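[1] How does the following fold in three dimensions:
(one chain, ligands or ions: 2)
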Amino acid sequence: MSGRHEREKGVNVQVLLRCRPFSEDELKNNAPQVVTCNEFQREVAVSQNIAGKHIDRVFTFDKVFGPTAQQKDLYEQAVVPIVNEVLEGFNCTIFAYGQTGTGKTYTMEGECKRGKAGHNGELPADAGVIPRAVQQIFDTLEGQNAEYSVKVTFLELYNEEITDLLAPEEISKVVLEEKQKKTLPLMEDGKGGVLVRGLEEEIVTSSSEIFTLLERGSAKRRTAETLLNKQSSRSHSLFSITIHIKEATPEGEELIKCGKLNLVDLAGSENISRSGARDGRAREAGEINKSLLTLGRVISALVEHLGHVPYRDSKLTRLLRDSLGGRTKTCIIATVSPAVHCLEETLSTLDYAHRAKHIKNKPEVCGT
Ligand code: ADP
Ligand code: MG
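    Ligands and ions are numbered 1, 2, ... in the order given. Here you go, the predicted structure:
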């Protein structure tokens, strides 16, 4: 079977590029366009011609989604096969990487409020990867004749501290008690992995339940953002879905398949370059960037086949160790803006994402 062969050899990280449309402000100000997408050729071209400065670069990715691509297009072309792998018992991770304001949260969460759903339980057009994945998972499980369980966790990593976005605290309390906000320790699980002690694991039995949880979690993140100095552009969020499926083999033996999907909305990539000395809170800024910086170093070490990969240097890379050069199938969705004022960050996002294409993972089915 070619699929199995491919897995044994190791598969590259899949890297997709999404360019958002111009915002209303950018349109109003006639912002010049510097990014052009050719979805068919899977190419993104960046060009600018100003006297004395000439930029002309073309990048190729596994898939390219231009400004007119809809949430549904991205999901069906890029994510459906990944969720199918999870249902087969693989661990898969999808990262959103890019400058703040380029559509990471729109891509991952989108607009998924309950009650806004269309007829027949159809999702709204703006629903992102998380609600669509949840729907696909339940549609598939409900159509099979097998016992299953679905658990989710949702955490935020800010300043190298983990907070539980599903913990049932009051939002106001979280904000008022920011200083003493409950943070959770990361522990070795004794099997080479890590676990977050005390993290709320919610068992869900239908897709509508996940929407409630997601709303609760992202509301907590949004509130923190407005009240706490745009925290979310500097924080990472990690939504994980774990599925156990009980199956009988043709010989009548019981088989438990276990697949996990990690969906990661990373801190704004500009946090790598601007090391936040702006507010004079250098230590804090350094800590905030540690995870994003380490992610970059881990990617470099994997690409350059260095013996030492610095997974242990940050919480994000410890949590996602298995997703980077490990036993997980990984996809990175890099997001950019088409406008000239983002040019510098756009080029650095494209370089970063392009480099990540060379990482190889060795996915394995987990379960017994
Ligand atoms: P980020 O999470 O990267 O900071 P957001 O997801 O918050 O960025 O997106 C910034 C704004 O742009 C939001 O208002 C969002 O709705 C809009 N947006 C982003 N990407 C798209 C897209 N592909 N299509 C339509 N609107 C988008
Ligand atoms: Mg965001």
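
[2] Sketch out the strands for the stretch 1-150 of the chain, chain order is fine.
    Along the stretch 1-150 of the chain, the segments classed as strands by DSSP state E, counting those that start in this stretch run 11-12, 14-19, 35-38, 43-50, 53-60, 63-65, 91-98, 147-158.

[3] ok, the residue nearest to Leu324 when sequence neighbours are not counted - how many residues close by?
    The spatially closest residue to Leu324, leaving aside those adjacent along the chain, is Val298, at 5.6 Å (CB to CB, 6 or more residues apart in numbering). Where C-beta positions appear, they are placed from N, C-alpha and C, glycine not excepted. A count of neighbours around Val298, defined by other CB atoms under 10 Å, yields 24.

[4] residues from the stretch 1-150 of the chain in reach of ligand 2?
    Within reach of ligand 2 by CB under 5 Å from the ion, the stretch 1-150 of the chain has these residues: Lys104, Thr105.

[5] do that again at 8 Å, thanks
    Where the stretch 1-150 of the chain comes near ligand 2, counting by CB under 8 Å from the ion, the residues are Thr100, Lys104, Thr105, Tyr106.

[6] Write a ChimeraX command that selects only the buried members of those residues.
    Of those, the buried ones go into a single ChimeraX selection, burial set by 16 or more other CB atoms under 10 Å:
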select :100,104,105,106
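
[7] Identify the residues contacting whatever residue of the chain ends up closest to ligand 1.
    Closest approach between the chain and ligand 1, counting by CB to the nearest ligand atom: Gly103, at 2.6 Å. Residues touching Gly103, when contacts are defined by CB atoms under 8 Å, 6 or more residues apart in numbering, comprise Arg18, Arg20, Thr335.

[8] Was I right to think Pro32 contacts Leu343?
    No: Pro32 lies out of contact with Leu343 (CB atoms under 8 Å); the separation is 9.5 Å.

[9] Show me the residue of the stretch 51-200 of the chain that gets nearest to ligand 2, please.
    Thr105 (3.2 Å; CB to the ion).

[10] Across the sheet, point out what pairs with the spatially closest residue to that residue that is not a sequence neighbour.
    When the adjacent residues along the chain are set aside, Thr105 lies closest to Asp265, with 5.6 Å between them (CB to CB, 6+ apart). For Asp265, the residues forming beta bridges with it (DSSP bridges) are Ala96, Ser237.

[11] Retrieve the pLDDT associated with Asp265.
    Looking at Asp265, its pLDDT stands at 94.

[12] pLDDT averaged over stretch 89-106, what's the number?
    Stretch 89-106 shows a mean pLDDT of 92.

[13] Any regions of the stretch 51-200 of the chain where pLDDT drops low?
    Counting by pLDDT under 70, the stretch 51-200 of the chain contains low-confidence ranges at 112-121, 169-181.

[14] Give me the buried positions along stretch 257-277.
    By neighbour count on 16+ other CB under 10 Å, the buried set for stretch 257-277 is 257-272, 276.

[15] What separation do you get for Asp351 and ligand 2?
    When distance is defined by CB to the ion, to the nearest Å, Asp351 is 21 Å away from ligand 2.

[16] Give the helix, strand or coil label for that residue.
    With DSSP: H, G, I helix; E, B strand; the rest coil as the basis, the three-state label of Asp351 is helix.

[17] Number of residues surrounding it?
    Here the number of neighbours of Asp351 (other CB under 10 Å) works out to 13.

[18] ok, back up a step: is it true that the residue of the stretch 51-200 of the chain closest to ligand 2 touches Leu266?
    No: because the distance of 10.3 Å does not satisfy CB under 8 Å, Thr105 is recorded as not touching Leu266.

[19] All good on my end, thank you.
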